[in-house]
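1. Generate coordinates for the sequence data below:
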Amino acid sequence: MDFLPNEILVMILSQVSLEDLVACMEASNRLKAFIKAAFLAQGPFSSILADINESLRSLVTQADHESQDYTSEAETLLKFDELDVNFYLNGMPLVTHALAREKCGIASLMLNRQDLNVNAADEHEKCPIHVAARLGLSDIVCKIIHHKQYVKGLLTITGSTPLHEACVFDKPNLKTVRILLEAGDSPVDQLDRGGKSALHKAAFSGQTDVCRLLISHGADPNLSGGGLRNLDPIHWAVRGGSTGVVEYLLSVPSVDPNSLDDEGDTPLLAAVKRGHIVTALMLVTNPRVDLRIADSSGLTATEVANANVPMYQGYFYDRFLEEVHKREMMY
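-> Predicted coordinates:
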């Protein structure tokens with residue numbers, strides 16, 4: 001059985017066991033010659049023993065630890081024009097496999113190939129840039145954007161742009177978002193098929209700095225999306241328990257702190273109903289928030305809280321009531 005260079009790369013990215021990899025390589029006379037030429041005659045492998053079988057065993061054995069990503073081996077393979085960088089493995093482009101496994105070294109080398117289709121999608125219509133953006137791989141995102149074959153505004157099956165994907169990450173992803181915004185990859189207020197903008201996703205995820213960056217690039221801080229709830233950014237922040245984002249949005253003069261969702265709840269009512277009492281406390285201390293607005297049942301936020309005392313008992317609940325009393329004295 002003979003193996004082409006791209007098949008070896010599949011083995012590397014699929015993390016085939018070292019024993020199986022050696023066995024496959026030893027089974028191919030053609031591959032022995034290829035490996036001998038590729039690995040022993042150049043680069044860091046020149047000092048490996050001349051015997052091909054022993055050399056392969058030495059190579060894979062010394063690479064047998066968790067941090068090894070076979071980047072050097074992949075670099076050698078990618079020098080061969082006969083290697084097909086656009087083939088799929090289990091319904092996914094090989095470069096996307098590399099990114100999903102966070103094998104950034106291999107992915108970066110593949111992106112050096114100008115014949116790589118960087119817009120190739122998997123069964124969910126996710127392209128390499130969607131995966132890289134979601135994982136916060138800013139250097140890879142930058143490299144994809146500058147690849148000659150890249151097409152802006154690629155959408156997943158759910159209508160997500162790369163900017164959407166960057167804003168759902170559960171830790172700061174500011175650099176990636178900045179790269180996408182400066183590249184003008186997609187309209188900043190574009191909605192996915194669920195009716196969410198990048199700002200909606202960042203607000204829900206608690207990414208305050210990303211929200212600030214998006215608004216500075218023209219994102220509408222009052223944009224209501226589609227979907228079941230028709231929520232604006234401050235409502236999404238409340239539902240995500242993103243107190244820091246709520247605090248920031250309240251500081252934006254154009255933000256409406258009393259906007260209503262489809263159920264007739266203000267951000268304050270939504271916070272109280274979900275037990276986000278710290279967020280509710282922040283809202284109630286803001287003079288722009290109207291405590292008198294009632295929900296569809298005719299209950300104000302204070303009345304909702306009082307009806308659920310066991311749920312809210314504690315320091316923050318006491319503070320909440322104190323602030324409510326102060327505000328009511330002003331009306």
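2. Just to check, Val245 is in contact with Ala237?
-> Yes: assessed by Cβ atoms under 8 Å, Val245 is found in contact with Ala237 at 4.0 Å. Where C-beta positions appear, they are placed from N, C-alpha and C, glycine not excepted.
3. Compare those two (neighbour count), which wins?
-> Ala237 (34 against 28; other Cβ atoms under 10 Å).
4. Check the model's average confidence along the helix or strand containing the more buried one for me.
-> Per DSSP states H and E, Ala237 falls inside helix 233-239. Computed over helix 233-239, the mean pLDDT rounds to 95.
5. neighbouring contacts of that helix?
-> 196, 199-201, 203-204, 206, 211, 221-223, 229, 231, 245-246, 249-250, 255-257, 259, 261, 267, 270-271, 274, 276, 279 (Cβ atoms under 8 Å, 6 or more residues apart in numbering).
6. Tally up the residues packed near Asn308, please.
-> Neighbour count of Asn308, defined by other Cβ under 10 Å: 14.
7. Please apply the same query to Ser216.
-> Per other Cβ under 10 Å, the neighbour tally for Ser216 reads 9.
8. Over to His124?
-> Using other Cβ under 10 Å, His124 has 12 other residues around it.
9. go on, Asp262?
-> Counted with other Cβ under 10 Å, residues neighbouring Asp262 total 12.
10. repeat for His146
-> Applying other Cβ under 10 Å, we find 11 residues neighbouring His146.
11. just the one 4 residues further on next, same as before
-> Residues within reach of Tyr150, counting by other Cβ under 10 Å, total 19.
12. quick one: low-confidence ranges for this structure?
-> Within the chain, the stretches with pLDDT under 70 are 1-70, 73-74, 76-77, 80-83, 170-172, 226-229, 309-313, 315, 331.
13. Give me the buried positions along stretch 302-311.
-> Thr302, Val304, Ala305 (16 or more other Cβ atoms under 10 Å).
14. before we move on, what about stretch 150-166?
-> Counting neighbours by 16+ other Cβ under 10 Å, stretch 150-166 gives Tyr150, Leu154, Leu155, Thr156, Ser160, Thr161, Pro162, Leu163, His164, Glu165, Ala166 as buried.
15. next one: it to chain centre, how far?
-> Computed by Cα atoms, centre = their mean, to the nearest Å, the separation of stretch 150-166 from the middle of its chain amounts to 11 Å.
16. Now do the helices in the stretch 201-331 of the chain.
-> According to DSSP state H, counting those that start in this stretch, the stretch 201-331 of the chain carries its helices in the segments 208-216, 233-239, 243-250, 267-273, 277-284, 301-306, 309-312, 315-330.
17. Turn those into TSV, columns for distance to Val95.
-> Formatted as TSV, these follow (distance: least, Cβ to Cβ, whole Å):
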stretch	distance to Val95
helix 208-216	26
helix 233-239	32
helix 243-250	34
helix 267-273	42
helix 277-284	41
helix 301-306	50
helix 309-312	49
helix 315-330	48
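18. To Pro128, which of those helices lies closest?
-> helix 208-216 (21.5 Å; Cβ to Cβ).
19. Now do the buried residues in that closest one.
-> Judged by neighbour count using 16+ other Cβ under 10 Å, the buried positions of helix 208-216 are Thr208, Asp209, Val210, Cys211, Arg212, Leu213, Leu214, Ile215.
20. now swap in stretch 116-123 and tell me
-> By 16+ other Cβ under 10 Å, the buried positions in stretch 116-123 come out as Leu116, Asn117, Val118, Asn119, Ala120, Ala121, Asp122.
21. And the contacts of that stretch?
-> The contact list for stretch 116-123 (Cβ under 8 Å, 6+ apart) reads 85-86, 88, 91-93, 95-96, 110-111, 127-129, 144, 147, 149-151, 154.
22. Please list only the buried members of the residues you listed.
-> Buried among those (16+ other Cβ under 10 Å): 85, 92-93, 95-96, 110-111, 127-129, 144, 147, 150, 154.
23. With that, I have no additional questions.
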